[in-house]
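K.L.:
Sequence and predicted structure, then a few things I'm wondering about:
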Amino acid sequence: MRIAQEEIFGPVLSVLTYRDEDEAVRIANDSVYGLNGAVYTGDVERGIRIARRIRTGTVEVNGSPAGFLAPMGGFKSSGIGREAGPEGIAGYTESKSISVPAGYADRVDGWRSA
């Protein structure tokens with residue numbers, strides 16, 4: 001159904017039935033989008049196991065928000081990259097590796113040897 005395939009913003013609730021966890025995850029993942037998902041359950045550990053299988057950038061278990069320091073972003077056609085958290089900052093940094101002769105790094109302040 002279209003309502004289960006697209007990113008619909010606003011106060012919308014669609015209710016779909018499923019036979020088991022595998023089918024529920026299959027329905028959740030059957031979209032070209034993957035911004036946010038939610039799992040509601042009486043068993044939080046089970047909810048976490050299911051959340052790990054859902055292909056969205058954020059999955060809230062029992063309505064728990066991810067928080068402002070968590071990386072935000074989607075999977076698939078719901079965006080590229082992440083905002084916030086260390087993953088969001090990584091896009092603005094450049095890493096560099098410098099190789100030096102064995103033993104040299106131990107003699108220079110501020111260097112770490114591998």
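P.N.:
Nice, thanks for sending it over.
K.L.:
for the chain, what are the low-confidence residue spans?
P.N.:
Within the chain, the stretches with pLDDT under 70 are 79-85, 87-88, 92, 94-114.
K.L.:
which residues in it form helices?
P.N.:
2-5, 21-29, 44-53, 85-90 (DSSP state H).
K.L.:
And these: which comes nearest V12?
P.N.:
Among those, the nearest to V12 by CB to CB is helix 2-5 (7.5 Å). In this view, the C-beta of every residue, glycine as well, is placed from N, C-alpha and C.
K.L.:
how far does the closest one sit from the chain's center?
P.N.:
21 Å (CA atoms, centre = their mean, to the nearest Å).
K.L.:
With stretch 65-76 instead?
P.N.:
Centre-to-centre, stretch 65-76 and its host chain are 6 Å apart (CA atoms, centre = their mean).
K.L.:
now swap in stretch 12-29 and tell me
P.N.:
The chain centroid and the centroid of stretch 12-29 are separated by 19 Å under CA atoms, centre = their mean.
K.L.:
Endpoint to endpoint, that stretch covers what distance?
P.N.:
The straight-line separation of the ends of stretch 12-29 (CA to CA, to the nearest Å) is 18 Å.
K.L.:
With stretch 17-33 instead?
P.N.:
Stretch 17-33: ends 20 Å apart by CA to CA.
K.L.:
Residues touching it, excluding its own?
P.N.:
With CB atoms under 8 Å, 6 or more residues apart in numbering as the test, stretch 17-33 has contacts from 4-7, 16, 37, 50, 53-56, 74, 76-78.
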